[in-house]
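Peer 1: give me a model of this one.
(one chain, ligands or ions: 2)
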Amino acid sequence: MLVLGIETSCDETAVAVVKEGKEVLSNLISSQINLHQKFGGVVPELASRQHLEVINLLITQALDEAKVKFKEIGAIAVTYGPGLEGALLIGVAVAKALSFVHNLPLVGVNHLEGHLYANFLTSTFTSLLLHFSAPSDFPLLCLIVSGGHTILFFVEDHGRYEVLGKSRDDAAGEAFDKGARALGLGYPGGPIIDQIAKLGNCKAHTFPRAYLGKNSLDFSFSGLKTSLIYYLQELKQRGDKLSLPDVCASFQQAIVDVLVDKTIRAAEIKKVKDILLGGGVAVNSLLRKEIAEAAEERGLKVHFPSPLLCTDNAAMIAAAGYYQLKLGKASDLYLDVVPGLKIPEG
Ligand code: KG4
Ligand code: ZN
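Peer 2: Ligands and ions are numbered 1, 2, ... in the order given. Prediction:
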């Protein structure tokens, strides 16, 4: 079955065609980064307007690139939350209209589940095959680290989750973005800090790591941002010169240390063999390296989607939708957006 996926939860308009929940036939992403960059973050009204501007063209192009006609599509999957309300509304309205007109099943997908399912995708496009290694059987552990979420959950089977930990304040990507803003590096901050940090010494400064007690699998990153701001003020007062690479490397190390520690601990507690990563921060080179090393030492395996499938895309939505349909969980034309949608448990 071919599923057409639609994703408009934040600042990327994305449309994809995926075969049998696995093979990416097309994966188009229209990024709005340039539009929002001058404001230092995503402006919701601009995001919705831009989704509306490009979505119809993207759908046509995604079908063309996949070399399929609408009559060959078996279902439409769309993100209905979590995300920006106005942005989600565009994708959901378009998906409902297409489902009605073409008489196709509609399936509303949780964006966070989408990030998990990016790990199940494969493709003949070499750019999407990078680092691909299919997870073996369930149960699995999944860490989603994005601009809006940091969430660690146990995956017993398709659609069966247990949340083990999440951020109590800022998400990991938000910490990168806010850190970059304090350093005057622009938006989004993660990729910039990742690059600059490669030239620095991660031990130059010790930023705090919030472990929140030895048994907690929750995260907290807001103190780290505050600590960076104080450190920059201190440097200024002392008239010391800032070593940008050293600060970026030390700041990034503080985020990665906590993510790796808690993820490995959770994998040991739940006795899983495979760890799946997803979300934009899963592109981070230090996180990829350190979590893979820590896992290997313990006989565990870590899987990451290719960078293009870690950040927001519609192929992951189509894949998640496919498995949901297999579980008999279709939506109807009353599907509404849920901006604060959580990972379903149980
Ligand atoms: O998953 P995503 O595209 O969107 C959300 O659902 O939020 O993630 C975007 C986030 C941003 O905060 C961005 O700074 C971060 O992912 N990011 C990175 C890297 N690439 C993107 N963070 C750290 N290192 C990177 N290389
Ligand atoms: Zn996302």
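Peer 1: can you pull out the strands in the protein?
Peer 2: 2-7, 12-19, 23-31, 75-81, 106-110, 122-123, 140-145, 150-157, 160-166, 274-278, 301-303 (DSSP state E).
Peer 1: so what's the model's average confidence on the longest one?
Peer 2: Taken as a whole, strand 23-31 has an average pLDDT of 93.
Peer 1: show me what it is packed against.
Peer 2: strand 12-19, helix 44-66, strand 122-123, helix 307-310 (3 or more CB pairs under 8 Å, 6 or more residues apart in numbering; DSSP states H and E). The way it works is simple: take the backbone N, C-alpha and C, and place the C-beta from them, glycine included.
Peer 1: put together a markdown table for the ones you listed, with mean neighbour count on each row.
Peer 2: Below are the helices and strands packed on strand 23-31 laid out as a markdown table (neighbours: other CB atoms under 10 Å):
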| stretch | mean neighbour count |
| --- | --- |
| strand 12-19 | 27 |
| helix 44-66 | 18 |
| strand 122-123 | 18 |
| helix 307-310 | 23 |
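Peer 1: any idea which of the ones you listed scores lowest on pLDDT?
Peer 2: Sorting the helices and strands packed on strand 23-31 by mean pLDDT places strand 122-123 lowest, at a mean of 82.
Peer 1: adjacent strands (with direction) for that strand?
Peer 2: When pairing is defined by DSSP bridges, strand 122-123 lines up against strand 23-31 (parallel).
Peer 1: contacts made by the strand it pairs with with the rest, please.
Peer 2: Applying CB atoms under 8 Å, 6 or more residues apart in numbering, the external contacts of strand 23-31 come out as 2, 11-19, 50, 54, 58, 61-68, 121-125, 128, 308-309, 312-315.
Peer 1: same for ligand 1: which of these are within range?
Peer 2: Asp312 (CB under 6 Å from any ligand atom).
Peer 1: next, count neighbours for the nearest residue to Ile196 once chain neighbours are set aside.
Peer 2: Of all residues not flanking Ile196 in the chain, Cys248 sits nearest, at 4.3 Å (CB to CB, 6 or more residues apart in numbering). Neighbours of Cys248 under the rule other CB atoms under 10 Å: 27.
Peer 1: how about Phe39?
Peer 2: 10.
Peer 1: about what we covered before: dump the residue contacts of the residue nearest to Ile196.
Peer 2: Per CB under 8 Å, 6+ apart, neighbours of Cys248: 183, 193, 196-197, 200.
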